[in-house]
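A.B. asks: Could you work out the structure for the sequence below:
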Amino acid sequence: MKTDKIVIVGGGSAGWMSAATLIRAYPNKDISVIESPDVPSIGVGESTLGQIRRWMRFLGIEEKDFMKATDATYKLSIQFVDFYKKDAGAFHYPFGRPYKKDPDDNIVPVWHAISALNPDLPVTSMVDLLFPASGLWENNKFYENKDGRLDNFDPKESVAYHFDAIKFGQWLKENYCLPRGVKYIPKHVTRIDTDENGIKELILNNEERISADLFIDCTGFRSVLLAGALEESFISYADILPNNSAWACQIPFKDKYKEMQPFTNCTAIGNGWCWNIPLWSRIGTGYNYSDRYVSDEDALEEFKDYLCSDKMVIPRTREEVESYTYRNLKTRIGIHERTFVKNVVAIGLSAGFIEPLESNGLLSVHEFMVVLIKILERGEINEFDRLWYNNEVGDLYNGFAKFVAMHYSLSLRNDTPYWTDIMNRQYAEQRGGDYMTRLMSRSSSFYATQRKFFDTAGREHIDHDGILFIMAGMHLNPISQIDISDRENAFPHYRESIQGAYESFLEQKQRWDSVVSEAPHIVDYLRKHYYL
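C.D. replies: This next block holds a predicted model:
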């Protein structure tokens, strides 16, 4: 199958990110975007992960190009509040890697040993003591680190973004895609004709007929091409990911200096969790929940109560909360059995969705596109290429879904039926056909993914894997008292060595805090560089 002419159906962030990737990789291909003026974008994907930097480097996009146009701010970490237990407090999942004086050090297991020897040490100390940037998000500051005083903190590698996803899609359209030759068709697809090769033609509302070698489905949860026209089956992940609904709204700042935190905040409440994402001009917030445990109406009241509570940096008044505009969203959790079928590739929500925790929505778009442009490099594709693509993105999706599910499975909350059921959920292996077996056996390997950190702690360099920080926040330490005893027997000065490392970490933290005290507030930094 040739791939000279590519038609993307659906705009929004997924459609225009796909178009930008393709026109950058293959400027000589005929690439078009059909964007219906009658279908609104979901537009709540406002938080990104560090991998977006790699994608932007490939496209040649710099911060000065898009920050102001997209209402963007910096994101240094993700904070999780009350996920361990109700009112248990917060912990962070930081971006980047922990600092090592010696590259050969396996630093995280050292902290595990320190924690085992000091039971009263807060779990937050893992990030506080090992990450130079921890003081920045604790104090709403930012530091370019040109002088290297924050050791290995690299703003170009350890920082992601909060931005308005709708504005980002429009910025890509107007400033990147169209100037490079992407064709724009502002029409609605009214009919889809298929044949043995997949999509034969799209018929638009002006009766125009559109054909292509390859179609990219960016039509969101409707999945008009893959699920609709080609009837590709969908694999639900509801057995390990509990939420399927959300309320979302945008609220004004009350005090930007207090509320513009350089991290995404996630707070667990009765039937799910709430997010807070500070953009430059406003805060995006919402409640991700399961409608199997609470009605939409009651969930909205829960969300309003949260906005009025001290879980907010500045609680809103009941009058303010009642004045906000709320949108209810229904989400489909899972992925299609195949996301590349015949001449159709689904990208974004049309392919699958995990849930907003860990900001994976836009991640799947640029990471799936990275795989696709590799597939297209030969100029023509066959069924093996499709199989390779489906396996590659299936593994990416499956791994991230397990990672997100661990935020729930490790919790010890039991204050509501929702959390009690999560705590008692059975993660048994699911069986099916050949492809289904590989994809759906996630539950047994889901446990194995947790288990490997117990088995390898202290013996392998795994100090940058995100699950380590989630485990620490959930009070799960792979080094136990019996491990400490074994090591003391083998190394007579083991306890003194670990305590010495702890004192060294404290000294290093003091040095970092001194640098942070001189750093500008993130509001002042962003205003100076992007928002004057």
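A.B. asks: Buried residues, stretch 419-426. List them.
C.D. replies: Judged by neighbour count (16 or more other C-beta atoms under 10 Å), stretch 419-426 contains these buried residues: Trp419, Ile422. The C-beta positions use only the backbone N, C-alpha and C, and glycine is treated the same way.
A.B. asks: What of stretch 204-214?
C.D. replies: Counting neighbours by 16+ other C-beta under 10 Å, stretch 204-214 gives Leu204, Ile210, Ala212, Asp213, Leu214 as buried.
A.B. asks: next one: stretch 352-360
C.D. replies: Buried residues in stretch 352-360, counted by 16+ other C-beta under 10 Å: Gly352, Phe353, Ile354, Glu355, Pro356, Leu357, Glu358, Ser359, Asn360.
A.B. asks: Contacts for that stretch, please.
C.D. replies: For stretch 352-360, the external contacting residues (C-beta atoms under 8 Å, 6 or more residues apart in numbering) are 44-45, 47-49, 78, 93, 160, 221, 237, 241, 243, 246, 264, 266, 273, 275, 286, 288, 331-336, 339, 346, 361, 364, 397, 400-401, 403-404, 407, 466.
A.B. asks: Over to that stretch now: how far is its first residue from its last?
C.D. replies: One end of stretch 352-360 to the other measures 11 Å (C-alpha to C-alpha, to the nearest Å).
A.B. asks: Now do it, average pLDDT.
C.D. replies: Averaging pLDDT along stretch 352-360 yields 87.
A.B. asks: ok now that stretch, how far from the chain's centre?
C.D. replies: 6 Å (C-alpha atoms, centre = their mean, to the nearest Å).
A.B. asks: what does stretch 232-252 give?
C.D. replies: What separates the centre of stretch 232-252 from the centre of its chain is 13 Å, taken as C-alpha atoms, centre = their mean.
A.B. asks: got the end-to-end distance for that stretch?
C.D. replies: 42 Å.
A.B. asks: which parts of that stretch are buried?
C.D. replies: 232, 235, 237, 239-251.
A.B. asks: so how far is the biggest helix by length in the chain off the chain centroid?
C.D. replies: In the chain, taking DSSP state H as the definition, the longest helix is helix 383-409. Computed by C-alpha atoms, centre = their mean, the chain-centroid distance of helix 383-409 equals 14 Å.
A.B. asks: One more: stretch 375-392?
C.D. replies: Centroid displacement of stretch 375-392 relative to its chain, using C-alpha atoms, centre = their mean, is 26 Å.
A.B. asks: what does that stretch contact?
C.D. replies: For stretch 375-392, the external contacting residues (C-beta under 8 Å, 6+ apart) are 1-3, 25-26, 338-341, 345, 371-372, 435, 438.
A.B. asks: closest to Asp524 among the residues you listed?
C.D. replies: Ala25 (38.3 Å; C-beta to C-beta).
A.B. asks: State the mean pLDDT of stretch 89-105.
C.D. replies: For stretch 89-105, mean pLDDT rounds to 90.
A.B. asks: Could you list the domains of this protein?
C.D. replies: 5-73+162-236+332-405, 97-158+430-518, 245-330 (automatic domain parsing).
A.B. asks: I figured Asp415 was touching Asp87, is that so?
C.D. replies: No - the pair Asp415 / Asp87 is not scored as a contact, 9.2 Å apart, by C-beta atoms under 8 Å.
A.B. asks: ok, the two, which is more surrounded?
C.D. replies: Taking neighbours as other C-beta atoms under 10 Å, Asp415 and Asp87 compare with Asp415 leading, 14 against 9.
A.B. asks: Using the three-state scheme, assign that one.
C.D. replies: Of the three states, Asp415 takes coil under DSSP: H, G, I helix; E, B strand; the rest coil.
A.B. asks: distance between the ends of stretch 197-211?
C.D. replies: 12 Å.
A.B. asks: and for that stretch, what are the contacting residues?
C.D. replies: 1, 5, 7, 9, 32, 34, 185, 187-194, 212, 215, 225, 229-230, 341-344.
A.B. asks: rerun at 7 Å
C.D. replies: Outside stretch 197-211, the residues that touch it by C-beta atoms under 7 Å, 6 or more residues apart in numbering are 7, 9, 34, 187-194, 215, 225, 229-230, 341-344.
A.B. asks: how far does it sit from the chain's center?
C.D. replies: 34 Å.
A.B. asks: now stretch 173-193
C.D. replies: Centroid separation for stretch 173-193 versus its chain: 27 Å, with C-alpha atoms, centre = their mean.
A.B. asks: i'd like the first residue to be 38 from this point on
C.D. replies: Shifting the count to begin at 38 puts that one at stretch 210-230.
A.B. asks: Can you name the residues in contact with that stretch?
C.D. replies: Contacts of stretch 210-230 (C-beta under 7 Å, 6+ apart): 46, 53, 56-57, 60, 64, 68-75, 236-243, 245, 261-262, 266.
A.B. asks: Between the two ends of that stretch, how far is it?
C.D. replies: Taking C-alpha to C-alpha as the criterion, the two ends of stretch 210-230 lie 28 Å apart.
A.B. asks: mind listing what's buried in that stretch?
C.D. replies: Lys210, Tyr213, Cys214, Leu215, Val219, Tyr221, Ile222, Lys224, Val226, Ile229.
A.B. asks: biggest separation within those, which pair?
C.D. replies: Largest separation among the buried residues of stretch 210-230 by C-beta to C-beta: Tyr213 and Ile229, giving 28.1 Å.
A.B. asks: Could you pick out which of the contacts of stretch 210-230 are located in helices?
C.D. replies: Under the assignment DSSP H, these contribute Trp53, Ala56, Ala57, Ile60 to helices.
A.B. asks: gap between the second one and Val44?
C.D. replies: Translated: Ala56. According to C-beta to C-beta, to the nearest Å, Ala56 stands 10 Å off from Val44.
A.B. asks: go on, Asp452?
C.D. replies: Applying C-beta to C-beta to Asp452 and Val44 gives a distance of 50 Å.
A.B. asks: Now do the SS call for Trp284.
C.D. replies: Following three-state DSSP, Trp284 is assigned to strand.
A.B. asks: dump the residue contacts of it.
C.D. replies: By C-beta under 7 Å, 6+ apart, the contact list for Trp284 reads Gly323, Tyr324, Ala336, Leu337, Phe340, Tyr363, Asn365.
A.B. asks: for stretch 116-124, which positions count as buried?
C.D. replies: For stretch 116-124, burial by neighbour count (16+ other C-beta under 10 Å) applies to Gln116, Phe117, Val118, Asp119, Phe120, Tyr121, Lys122.
A.B. asks: nearest residue to the fourth one other than its sequence neighbours?
C.D. replies: So that's Asp119. Ala305 (4.5 Å; C-beta to C-beta, 6 or more residues apart in numbering).
A.B. asks: can you count the residues close to that neighbour?
C.D. replies: Ala305: 24 neighbours (other C-beta under 10 Å).
A.B. asks: PyMOL command to pick out the buried ones of the contacts of stretch 389-397?
C.D. replies: Typed into PyMOL, the next command selects the buried ones out of these (criterion: 16+ other C-beta under 10 Å):
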select buried, resi 81+82+84+85+86+115+130+197+274+278+280+283+301+303+310+312+323+325+368+369+370+371+372+373+376+383+398+401+434+437+438+440+441+444+503
